[in-house]
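A.B. asks: Sequence first, then the predicted structure:
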Amino acid sequence: MITIEYRDDFSCNAIGDCFVDRWIANTVMEVLEDIDDDMLEVSNENVIYEIRARVAEGSLPHDAIRFKYRDEIIRIDRNGELDKHPEGFCDQQRNALRRLI
């Protein structure tokens with residue numbers, strides 16, 4: 001099981017938008033091959049969206065990935081849907097768009 005912790009305080013290594021695909025292909029896939037549970041930290045919500053999309057497409061197994069935000073564990077189903085969406089979890093883009101409307 002891989003836990004991907006979303007950090008909105010930017011205290012972890014940043015993954016640029018142009019490197020999201022490469023990071024998932026290299027890092028996430030490599031960790032999924034491990035037997036042990038692992039945790040990766042990200043602050044780029046596009047990583048979360050891309051992982052959800054890949055789960056929905058069937059290229060990543062939904063039951064081997066979960067997200068963590070603060071003290072909450074967020075599970076993902078085979079369609080890429082989250083079982084909950086705590087306030088503050090991947091909402092920077094949505095909040096910015098609300099200000100434009």
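C.D. replies: Yes, it's here.
A.B. asks: Point to the residue nearest the middle of the chain.
C.D. replies: By CA atoms, centre = their mean, the chain has its centre lying nearest to residue 48, at 2.7 Å.
A.B. asks: give me the element that one is part of.
C.D. replies: Assessed by DSSP states H and E, residue 48 sits inside helix 45-57.
A.B. asks: Next, the buried residues of that helix.
C.D. replies: 45, 47-48, 50-52, 54-56 (16 or more other CB atoms under 10 Å). Glycine gets a C-beta too; all of them are placed from N, C-alpha and C.
A.B. asks: State the mean pLDDT of it.
C.D. replies: On average, the pLDDT along helix 45-57 is 90.
A.B. asks: what's downstream of that helix, the next helix or strand?
C.D. replies: Later in the chain than helix 45-57, the nearest helix or strand by DSSP H and E is strand 65-69.
A.B. asks: which residues sit against that following strand?
C.D. replies: Identification of contacts with strand 65-69 by CB atoms under 8 Å, 6 or more residues apart in numbering yields 1-6, 8, 28, 32, 39, 48, 51, 55, 73-76, 82, 86, 88-89.
A.B. asks: Do a quick rundown of the helices in the chain.
C.D. replies: For the chain, applying DSSP state H gives helices covering 20-23, 29-33, 45-57, 92-100.
A.B. asks: Rebuild these as JSON lines, extending it with distance to residue 66.
C.D. replies: Converted to JSON lines, the helices of the chain look like this (distance: least, CB to CB, whole Å):
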{"stretch": "helix 20-23", "distance to residue 66": "18"}
{"stretch": "helix 29-33", "distance to residue 66": "12"}
{"stretch": "helix 45-57", "distance to residue 66": "10"}
{"stretch": "helix 92-100", "distance to residue 66": "21"}
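A.B. asks: closest one to residue 63 among those helices?
C.D. replies: helix 45-57 (9.5 Å; CB to CB).
A.B. asks: Give the other helices and strands that the closest one contacts.
C.D. replies: If you count contacts as 3 or more CB pairs under 8 Å, 6 or more residues apart in numbering; DSSP states H and E, helix 45-57 packs onto strand 2-6, helix 20-23, strand 65-69.
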